[in-house]
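Peer 1: Pasted the sequence and its predicted model underneath.
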Amino acid sequence: MIDPRHYRMRVDTNKCTGCRHCEMACSMVHNQDKVNYHRARIRVIALEDRFLPLIAGPYVSETEECASKKLVQIGDKVYDQCILCRASCPNKSIFKEPDSGIPLKCDFCAFREEGPACVQVCTSGALEIIKIEEEVEEI
Amino acid sequence: MFGWQGKALRINLSNGLVRTEVIDEALLADYVGGCALAKQIARLEDISAQNNKLILASGALTGTAVPTAAFCGLASYDQIREDVTCCSLLYHFGPELKACGYDVLIIEGKASKWSYLFITEDKVEIVPIEPELSPLETERVIRGKFKKWYSNDIRTLCIGKAALMRSALTGLVTDGLLVNRSGRFGQIFAEKRLKAIALRGTEEIKLAKPSQLQQLVTDMLDSFREKKQTFFEAIHAKFVKIDLPLLWEIHHHGIEKRACFACPIACLHTRKNKFLPNFTVIFCFARLLGIDRQEDAERLYNLCIDLGIDPVGLSLAARCLLELEAAGKIAKSHFRLGNTAGLMQLLKDKKAIIHKGNVGLAKEYGLEAECENLLNIINKQWEQIFSNIENFSEKRQVLNALGLCDYALLIFPYADLIKAFSFVTGKELDKTFLLAGNRA
């Protein structure tokens, strides 16, 4: 089992092909008997020249000031960083249940021994699960 | 009902009437989906040149998590061949039709002015649009009406300016990708003054045996991951055998891989967000038109995207034109084998007879046998890739009805694909269907 407090998802946008298997897998493990990518907690967003798999991360405190409003360069394109983490923005809950409107949040499939379903089905290598401590040590 | 949505949406463009109809379960059991179902519905609708209906039918597994389940059949009446004809739509359009809550879309009548259809799970809008727009501009206009987060999931099927030339080569473009062999359908869109169909749905698909399906899909993808390298090497070897240097030139320089819905193979390629010609198109350009330079092939393909022209139909028509010129049946044009600029000039001339298409030209000048021969050359090359698959032509028809890609046969056991049907729908595929393939 994965404790979401100690893990993060590493996303390589250069590898994502936009197949949306991650969305389908997420939808299936969370909804049991039906499949619907609009109920997924990971969404593949089509940017100008690439796909960005975006997870609906846990809410941050509303009182915390956003420190991410800057521009980032990916490849030869510049993006507003806001778009990269908007799904976990306290003011803009983007992913919602289509019928009830309840915000969807990624739980890293903490109930599955195999770990997050989206990572398990990603054959392109765009999604990877990493332990935070290890990354800190590497730095 | 599991797997299917069990509903058809009927839209009359003449009077704006929209009706949801329940699809007979026996019909779904017998014809399953894709072209088999679309063609059968076309026959039941008594389709003709006069009523000129368009029938879209998604595959039975389309929109589920089954690998490569992305396809959708589009049927209509072919006035030249005087029969029902069908082509397969790839990429993400079919799954979105299911997400809108429908297996089948029936479009009849003719709009009073150029319009596009915007369909969601709970509404249908017929929205006016400029006919002059290119397919990419049309997509931008449709998506531009919504916020980025909403428009991200809008899927489109458009025609381009070729429609205004009344060209038989008018093809369809879905989310920037040309649909091969869609020539005759673009013309029917134009006759209906239907510029595009845009879909965005949030409906779910119910699964009969979800945990078994999930396990099967995970196993299939695990096995793909393990065999990935070997698979691409095998494909490479097959393409090398076909001896198509243009394919490597185009697909090995600064490209990004793109996948149809739920496809781990990702055989589509883009450069700077523009789709590149796929194997079939490159084969046609090289073998039928004598184009051997990467820049020329890409320039011609970009023009096809811009005008909305079916590149396979174009290659066949251009080759027919050369045959007619050689036989002295028509005056010589600017186009010669390998002369891309001459062909592009011809395409832009709306009076050029190339716009009659290969079938039109063959019929008018008695070139049917030669035309059929050219078509066989293309089909044979495709079959060569699957030469190690027993009963390939029957299996591919079953896959088409399920909404799966031919490439699935190269990587996944056929039995697993059939098993997936059972896990999704809770039904077994009829043995006669499996043996005879597509009933249409």
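Peer 2: Cool, got the structure. Note that the coordinates shown come from a computational prediction; the quantities given were computed from them, not determined experimentally.
Peer 1: Quick check: next helix or strand after whichever helix or strand B:N376 is part of?
Peer 2: According to DSSP states H and E, B:N376 maps onto helix B:368-385. Counting by DSSP H and E, the next helix or strand C-terminal to helix B:368-385 is helix B:392-402.
Peer 1: Toward the C-terminus from that next one, list the very next helix or strand.
Peer 2: helix B:408-411.
Peer 1: Give the rounded mean pLDDT of that following helix.
Peer 2: Average pLDDT, helix B:408-411: 93.
Peer 1: gap between that helix and the chain center?
Peer 2: The gap between where helix B:408-411 is centred and where its chain is centred comes out at 19 Å by Cα atoms, centre = their mean, to the nearest Å.
Peer 1: list the helices and strands that helix packs on?
Peer 2: Judged by 3 or more Cβ pairs under 8 Å, 6 or more residues apart in numbering or on different chains; DSSP states H and E, helix B:408-411 is in contact with helix B:210-242, helix B:392-402. For glycine as for every other residue, the C-beta is placed from the backbone atoms N, C-alpha and C.
Peer 1: who wins for proximity to chain A among those?
Peer 2: helix B:210-242 (4.9 Å; Cβ to the nearest Cβ).
Peer 1: what angle do the closest one and helix B:368-385 make?
Peer 2: 110 degrees (axes from the mean of the first three to the mean of the last three Cα atoms, to 10 degrees).
Peer 1: after helix B:210-242 comes which helix or strand?
Peer 2: helix B:245-251.
Peer 1: Just the CA trace of that next one, in PDB.
Peer 2: Provided in PDB are the C-alpha atoms of helix B:245-251 (Å, rounded to 0.1, in the frame of the first residue of the first chain):
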ATOM      1  CA  PRO B 245      12.400   4.500 -47.400                       C
ATOM      2  CA  LEU B 246      10.100   7.500 -47.300                       C
ATOM      3  CA  LEU B 247       8.400   6.000 -44.200                       C
ATOM      4  CA  TRP B 248      11.700   6.100 -42.200                       C
ATOM      5  CA  GLU B 249      12.500   9.600 -43.500                       C
ATOM      6  CA  ILE B 250       9.200  10.900 -42.300                       C
ATOM      7  CA  HIS B 251       8.900   9.100 -39.100                       C
END
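Peer 1: After it, which helix or strand is next?
Peer 2: Following helix B:245-251 in sequence order, the next helix or strand is strand B:256-258 (DSSP H and E).
Peer 1: How about residues contacting that next one?
Peer 2: With Cβ atoms under 8 Å, 6 or more residues apart in numbering or on different chains as the test, strand B:256-258 has contacts from A:T17, A:G18, A:D49, A:R50, A:S124, B:A266, B:L268, B:H269, B:T270, B:R271, B:F275.
Peer 1: Out of these, which comes closest to B:K113?
Peer 2: B:F275 (30.0 Å; Cβ to Cβ).
Peer 1: Mind listing the residues bridging to that closest one?
Peer 2: Bridge pairing for B:F275 (DSSP bridges) gives the partners B:T270.
Peer 1: separation between it and A:K131?
Peer 2: 38 Å (Cβ to Cβ, to the nearest Å).
Peer 1: which of these two has more neighbours?
Peer 2: Using other Cβ atoms under 10 Å in any protein chain shown as the criterion, B:F275 and A:K131 rank with B:F275 on top: 20 against 13.
Peer 1: residues from chain B in reach of chain A?
Peer 2: B:63-65, B:67, B:92, B:99, B:149, B:152-153, B:202-207, B:210, B:213-214, B:217-218, B:221, B:224-225, B:228, B:256-264, B:266, B:272-273 (Cβ under 8 Å from any Cβ of the partner chain).
Peer 1: Looking at the helices and strands packed on helix B:408-411, which one is packed in the most?
Peer 2: Mean neighbour count (mean count of other Cβ atoms under 10 Å in any protein chain shown) peaks for helix B:392-402 among those, with a mean of 21.
Peer 1: quick check: angle from it to helix B:368-385?
Peer 2: Orientation check (the same axes, to 10 degrees): helix B:392-402 against helix B:368-385 gives 90 degrees.
Peer 1: Which elements pack onto helix B:392-402?
Peer 2: Packed against helix B:392-402, as judged by 3+ Cβ pairs under 8 Å, 6+ apart, are the following elements: helix B:34-44, helix B:408-411, helix B:414-425, helix B:431-436.
Peer 1: in chain A, which spans are strands?
Peer 2: For chain A, the strands defined by DSSP state E cover A:7-11, A:34-35, A:42-46, A:51-55, A:71-74, A:77-80, A:127-131.
Peer 1: In the sheet, which strands lie alongside the first one, parallel or antiparallel?
Peer 2: Strand A:7-11 has the following strand partners under DSSP bridges: strand A:127-131 (antiparallel).
Peer 1: try the fifth one
Peer 2: According to DSSP bridges, strand A:71-74 forms sheet pairs with strand A:77-80 (antiparallel).
Peer 1: Only alpha carbons, please: show the strand it pairs with as CSV.
Peer 2: The C-alpha trace of strand A:77-80 is given here as CSV (Å, rounded to 0.1, in the frame of the first residue of the first chain):
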residue,chain,number,x,y,z
LYS,A,77,7.5,26.4,-25.1
VAL,A,78,6.7,28.6,-22.1
TYR,A,79,3.7,27.8,-20.0
ASP,A,80,1.9,29.6,-17.2
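Peer 1: And for that strand, what's in contact with it?
Peer 2: Under the criterion Cβ under 8 Å, 6+ apart, residues A:L47, A:E48, A:D49, A:K69, A:L71, A:V72, A:Q73 lie in contact with strand A:77-80.
Peer 1: Let me see the contact set for the last one.
Peer 2: Which is A:Q73. Each residue near A:Q73 by Cβ under 8 Å, 6+ apart is listed here: A:Y79.
Peer 1: confidence score at it?
Peer 2: In this model, A:Q73 carries a pLDDT of 78.
Peer 1: For the helix holding B:N376, name the packing helices and strands.
Peer 2: Going by 3+ Cβ pairs under 8 Å, 6+ apart, helix B:368-385 lies up against helix B:210-242, helix B:279-283, helix B:311-326, helix B:357-365.
Peer 1: Who are the contact partners of the residue nearest to B:H251 when sequence neighbours are not counted?
Peer 2: Nearest residue to B:H251 in three dimensions, chain neighbours excluded: B:H269, at 5.6 Å (Cβ to Cβ, 6 or more residues apart in numbering or on different chains). By Cβ under 8 Å, 6+ apart, B:H269 lies in contact with B:I250, B:H251, B:I255, B:E256, B:K257, B:R258, B:F275, B:L276, B:N278.
Peer 1: Export those residues to JSON lines and append columns for distance to B:C405 and pLDDT.
Peer 2: Shown next, in JSON lines, are the contacts of B:H269 (distance: Cβ to Cβ, whole Å; pLDDT from 0 to 100):
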{"residue": "B:I250", "distance to B:C405": "20", "pLDDT": "84"}
{"residue": "B:H251", "distance to B:C405": "18", "pLDDT": "79"}
{"residue": "B:I255", "distance to B:C405": "20", "pLDDT": "84"}
{"residue": "B:E256", "distance to B:C405": "19", "pLDDT": "89"}
{"residue": "B:K257", "distance to B:C405": "15", "pLDDT": "91"}
{"residue": "B:R258", "distance to B:C405": "14", "pLDDT": "94"}
{"residue": "B:F275", "distance to B:C405": "16", "pLDDT": "94"}
{"residue": "B:L276", "distance to B:C405": "18", "pLDDT": "94"}
{"residue": "B:N278", "distance to B:C405": "12", "pLDDT": "91"}
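Peer 1: Selection in PyMOL covering whichever of the residues you listed are buried, please.
Peer 2: Remark: buried members of the contacts of B:H269, expressed as a PyMOL selection using 16 or more other Cβ atoms under 10 Å in any protein chain shown:
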select buried, chain B and resi 250+251+256+257+258+275+276+278
